[in-house]
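In: sharing a model that was predicted from the sequence below.
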Amino acid sequence: MVGVHEIHPPSFPASPRDFLANWSISHGNLRRFLASTALPPLGDDQQETAGRAAAAAAVEKNYGISLESFHSGIESVSGSIEAAGSLRLSPADPEVPQDAGVAAFFDVDNTLIQGSSLVALAFGLARKRYLRPTEILPMAWKQLKFRLTGAENAEDMAAGRNQALQFIKGRSVAELTELCEEIVDRHMLDKAFPGTRDLAAMHLAAGQQVWLVTATPVQLAQILAQRFGFTGALGTVPEVKDGKFTGRLVGDILHGPGKKHAVAALAALEKLDLERCTAYSDSSNDIPMLSMVGTAVAINPDRALRRAAHRRGWLVRDYRNVRKAVRTYGVPGLATAGFSVLGWKLRRRVVG
């Protein structure tokens, strides 16, 4: 696979660390960096037209996306860098020979951890009295539906994202970061699927990078990545001004195609050979990201992704318990059984 850096060999610095050491961390600088290195230089009108055409062709060839989508991915990656203050969150093990240019990309919700990280964030906000009970109940229902069916609903995802942005609007970054640390440590680490953690550890032991790529707010994703010792995390980036959230986004929502755009930008910056990379997800919404790497793995897949995985010859790993029962007995059957058990317990109390 030909990387963008191979189109203009002298352009890229020796490593992302060299770039970060010599440039201040801002999405404006990163955008200018990639515009001046990964893309042909622009000058007069003819040169600009030719340069954009060449750049668009290179991006399409290497990543299968438009130049506009690539720029959107750059915004997402640069926003993630700004949020963390650096590109990589955890240093590579000096005792492990590094497999340069190879990475594994992990979705978070129901791939790495059980349930929805956005809902975990919402409940955390509720505990701090940022939310009313009436605002929590619809989220609780969405969480239950997600856990039982294993399918992400696009409308639920969009509504949850917009709610999350409004909940944090006007809040300080430091305040949310502290809350995210509490949520990760108390309510998410113990919900990680051991099988998925083992897969991530396998990649790290092979000297490969491990990245979380998720629709959850980048602050939460990066804390999760730090706790697990992963290389880094790309997430949905809330805009910050004067240390507070504005309620707007920077770059893509990292859901569906947005993940593909961000991974493409990261691959350009980190000189990743995507044919040698691996991606993991539970949702058919992430087929764009899964399709751009050499090895795709469906973890705890929803029905649509399971069908796609079988059709495309992708690996499937299922570490769930609840959803296996749902597939076997169905939601109505489980509900009936649940009410039967509840009724039996109540009868025992009455008789006793």
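Out: All right, it came through fine. Remember, it's a predicted structure, so these values are computed and weren't measured experimentally. Residues are numbered from 1 along each chain as shown.
In: all contacts plus neighbour counts: C-alpha atoms, from now on.
Out: OK.
In: secondary structure element holding Gly235?
Out: Assigned by DSSP states H and E, Gly235 belongs to strand 232-241.
In: which elements pack onto the next helix or strand after that strand?
Out: Going down the chain from strand 232-241, the next helix or strand is strand 244-250, by DSSP H and E. Here strand 244-250 touches helix 67-84, helix 154-168, strand 232-241, going by 3 or more C-alpha pairs under 8 Å, 6 or more residues apart in numbering; DSSP states H and E.
In: tilt between strand 244-250 and helix 67-84?
Out: Strand 244-250 runs at 160 degrees relative to helix 67-84, counting by axes from the mean of the first three to the mean of the last three C-alpha atoms, to 10 degrees.
In: what's the mean pLDDT across strand 244-250?
Out: The average pLDDT within strand 244-250 is 86.
In: flag every buried residue along that strand.
Out: By neighbour count with 16 or more other C-alpha atoms under 10 Å, strand 244-250 contains the buried residues 244-247, 249-250.
In: with stretch 179-192 instead?
Out: Buried residues in stretch 179-192, counted by 16+ other C-alpha under 10 Å: 179-184, 188-189, 192.
In: still on that earlier bit, relative to strand 244-250, how tilted is the strand holding Gly235?
Out: Using the same axes, to 10 degrees: strand 232-241 against strand 244-250 is 120 degrees.
In: other SSEs contacting strand 232-241?
Out: helix 67-84, strand 209-217, helix 218-228, strand 244-250.
In: ok, which of those comes nearest Arg129?
Out: For the helices and strands packed on strand 232-241, the distance to Arg129 is smallest for strand 244-250, at 18.0 Å, taking C-alpha to C-alpha.
In: output the strand or helix carrying Glu178 as PDB, nothing but the C-alphas.
Out: Glu178 is part of helix 173-183 when elements are defined by DSSP H and E. What follows is helix 173-183, C-alpha atoms only, in PDB (Å, rounded to 0.1, in the frame of the first residue of the first chain):
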ATOM      1  CA  VAL A 173     -12.600  21.400  30.700                       C
ATOM      2  CA  ALA A 174     -10.900  20.700  34.100                       C
ATOM      3  CA  GLU A 175     -14.300  20.000  35.600                       C
ATOM      4  CA  LEU A 176     -15.300  17.500  33.000                       C
ATOM      5  CA  THR A 177     -11.800  15.800  33.000                       C
ATOM      6  CA  GLU A 178     -12.100  15.200  36.700                       C
ATOM      7  CA  LEU A 179     -15.500  13.700  36.200                       C
ATOM      8  CA  CYS A 180     -14.400  11.500  33.400                       C
ATOM      9  CA  GLU A 181     -11.500  10.200  35.500                       C
ATOM     10  CA  GLU A 182     -14.000   9.200  38.200                       C
ATOM     11  CA  ILE A 183     -16.400   7.600  35.700                       C
END
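In: now it: mean pLDDT?
Out: Taken as a whole, helix 173-183 has a mean pLDDT of 89.
In: now the angle from it to strand 209-217?
Out: Using the same axes, to 10 degrees: helix 173-183 against strand 209-217 is 110 degrees.
In: before we move on, back to that, between the helices and strands packed on strand 232-241, which gets nearest to Ile168?
Out: Of the helices and strands packed on strand 232-241, nearest to Ile168 by C-alpha to C-alpha is strand 244-250, at 6.4 Å.
In: downstream of the closest one, the next helix or strand is which one?
Out: Going down the chain from strand 244-250, the next helix or strand is helix 257-270, by DSSP H and E.
In: next structured bit after that next one?
Out: Toward the C-terminus, helix 257-270 is succeeded by strand 278-281 as the next helix or strand (DSSP H and E).
In: circling back to that earlier point, what helices and strands are in contact with the helix holding Glu178?
Out: helix 117-127, helix 218-228.
In: for those helices, which one sits closest to Ala55?
Out: helix 218-228 (28.5 Å).
In: buried set for that closest one?
Out: Buried, per 16+ other C-alpha under 10 Å, within helix 218-228: 218-225.
In: now the helix holding Glu178 against helix 117-127, angle please.
Out: Using the same axes, to 10 degrees: helix 173-183 against helix 117-127 is 110 degrees.
In: please give me every residue in contact with the closest residue to Thr177 other than its chain neighbours.
Out: Leaving aside its chain neighbours, Thr177 sits nearest to Gln219 (6.3 Å; criterion: C-alpha to C-alpha, 6 or more residues apart in numbering). Counting by C-alpha atoms under 8 Å, 6 or more residues apart in numbering, Gln219 makes contact with 83-84, 176-177, 180, 235.
In: if you rank those residues by neighbours, which is first?
Out: Neighbour counts for those, by other C-alpha atoms under 10 Å, peak at Gly235, which reaches 30 neighbours.
In: measure the nearest residue to that one once chain neighbours are set aside to Leu118 for me?
Out: Closest residue in space to Gly235, ignoring its immediate chain neighbours: Val218 at 4.0 Å, by C-alpha to C-alpha, 6+ apart. The spacing between Val218 and Leu118, counted by C-alpha to C-alpha, to the nearest Å, is 11 Å.
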